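**Q** here is my input, please return the structure:
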Amino acid sequence: MIPTFSRRFLLSRLAGAALAAAVAVPAMAQERDLRFQLDWRFEGPAALFLTPAAKGYFKAEKLNVSVDAGNGSGGAVTRVASGSYDMGFADLAALMEFHANNPTAPNKPVAVMMVYNNTPAAVLALRKSGIKAPADLSNKKLGAPVFDAGRRGWPIFAKANQVQSVAWTSMDPPLRETMLVRGDIDAITGFSFTSLLNLEARGVKTEDVVILPYATHGVKLYGNAIIAGEEFLKKNPEAVKAFLRAFTRGVKDVIADPQAAIGFVKQRDGIINEALELRRLKLAMDHTVLTPDAKAEGFGDINPARLTLMASQVSDAYATKERVNATAVWNGGFLPPAVERNIFAAVKK
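**A** This next block holds a predicted model:
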């Protein structure tokens, strides 16, 4: 027989252990909700974020991430700034513009990881137009939506290539490539991997399209980056680091098996053309992610001098209320170690 004191002691120890276990299990299993805003629809490049979500990489980091489609970088920036979303994906130039035009706004988003090291903005024309180089664009009719990144950054491209005055025509995005095919305009600006495929969908052969990427014609603007709200960064630094770790792991999987990655996009939007989106994804990766500049700077990181130059160029081209402060829009302190970000070692299929 166990003495009364010993029985009480044993029962209290068992009860204490049970209580500790009951408290510990939920604590270990608890996930941090994180709302993420894409810049655009569920198309090929969205695989970069949908892959780590579908494969449980965010879950492994104790994050419950919801990824929502967007309608442009400007919208992604303002929604993160408003607190509707914790993090997002947006063009760095749009983020810079927001900072400079809203200097006193609370919760200004900050870029924490560069994804599109080179802007995907480009000028596209039909070969039959005779346009072969930037110099041929002088005094031509160009078209793009007013919010298009290439159009907004046009003064930078024009200055770098000494292009003289051009006449702009504005339209909604679905009409951009149609108007070019009809001959209403001589050239358009747009993301290279989007406008090229849109032209092909309208019956234009690839070899009949002239593409003048900004990145290879003297314009070293950064493209899209992962952004986070200022308050979210302050209150949840470990969650941001965890997100970037899981994202980087997912990027390597996208590089290794892009076909499987498109399958995850299909799960979110069942009507996509998988072959088309696979091509879009590969074009985006080759032209903006797996570039010599990204390899030199390290995937996810930036070159301070290049960032400062971009801040000055955006201030001029966008005619912002205040000059862009490069140090205010970027914080690389949440990035995984460089060795973990070496996506160039990933084996392509």
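**Q** next, residue 123: secondary structure please.
**A** Here residue 123 is recorded as strand under DSSP: H, G, I helix; E, B strand; the rest coil.
**Q** ok, it - contacts?
**A** Applying Cβ atoms under 8 Å, 6 or more residues apart in numbering, we find residue 123 in contact with 134, 137, 142, 150, 157, 187-189, 211-212, 214. Glycine gets a C-beta too; all of them are placed from N, C-alpha and C.
**Q** which of those are buried?
**A** When the contacts of residue 123 are checked for burial by 16 or more other Cβ atoms under 10 Å, the buried set is 134, 137, 142, 150, 157, 187-189, 211-212, 214.
**Q** out of these, list just those in helices.
**A** When DSSP state H is applied, the buried ones among the contacts of residue 123 are split such that 150, 157 fall in helices.
**Q** closest to residue 278 among the buried ones among the contacts of residue 123?
**A** residue 211 (19.4 Å; Cβ to Cβ).
**Q** ok, that closest one to residue 56 distance?
**A** Per Cβ to Cβ, to the nearest Å, residue 211 is found 38 Å from residue 56.
**Q** and residue 342, how many neighbours?
**A** 14 (other Cβ atoms under 10 Å).
**Q** show me what contacts the closest residue in space to it that isn't next to it in sequence?
**A** Closest residue to residue 342 apart from its sequence neighbours, by Cβ to Cβ, 6 or more residues apart in numbering: residue 299 at 7.2 Å. Contact analysis of residue 299 by Cβ under 8 Å, 6+ apart lists 114, 117, 248, 251, 289, 341-344.
**Q** would you mind listing the buried residues in stretch 339-348?
**A** Across stretch 339-348, burial judged by 16+ other Cβ under 10 Å covers 341, 343.
**Q** what mean pLDDT does that stretch have?
**A** For stretch 339-348, mean pLDDT is 85.
**Q** convert the C-alpha atoms of that stretch to PDB, please.
**A** Provided in PDB are the C-alpha atoms of stretch 339-348 (Å, rounded to 0.1, in the frame of the first residue of the first chain):
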ATOM      1  CA  VAL A 339      23.800  29.500 -48.900                       C
ATOM      2  CA  GLU A 340      20.100  28.700 -48.500                       C
ATOM      3  CA  ARG A 341      19.200  31.200 -51.200                       C
ATOM      4  CA  ASN A 342      21.500  29.600 -53.800                       C
ATOM      5  CA  ILE A 343      18.700  28.700 -56.200                       C
ATOM      6  CA  PHE A 344      21.100  28.500 -59.100                       C
ATOM      7  CA  ALA A 345      22.200  25.100 -57.700                       C
ATOM      8  CA  ALA A 346      18.700  23.700 -58.200                       C
ATOM      9  CA  VAL A 347      18.500  21.100 -61.000                       C
ATOM     10  CA  LYS A 348      16.200  22.000 -63.800                       C
END
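**Q** ok, residues contacting it?
**A** Stretch 339-348 is touched from outside by 245, 248, 251-252, 255-256, 289-290, 295, 298-301, 335, with contacts defined as Cβ under 8 Å, 6+ apart.
**Q** now a ChimeraX select for only the buried ones of those residues.
**A** Buried residues among the contacts of stretch 339-348 (16+ other Cβ under 10 Å), as a ChimeraX selection:
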select :245,248,251,252,255,289,290,298,299,300,301,335
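**Q** out of the contacts of stretch 339-348, which are inside helices?
**A** The helices, defined by DSSP H, take in 245, 248, 251-252, 255-256, 295 from those.
**Q** which two from those residues end up farthest apart in space?
**A** Spanning the widest gap among the ones in helices among the contacts of stretch 339-348 are 245 and 295, at 20.4 Å by Cβ to Cβ.
**Q** of the contacts of residue 123, closest to residue 271?
**A** Looking across the contacts of residue 123 and measuring by Cβ to Cβ, the closest to residue 271 is residue 188, at 25.5 Å.
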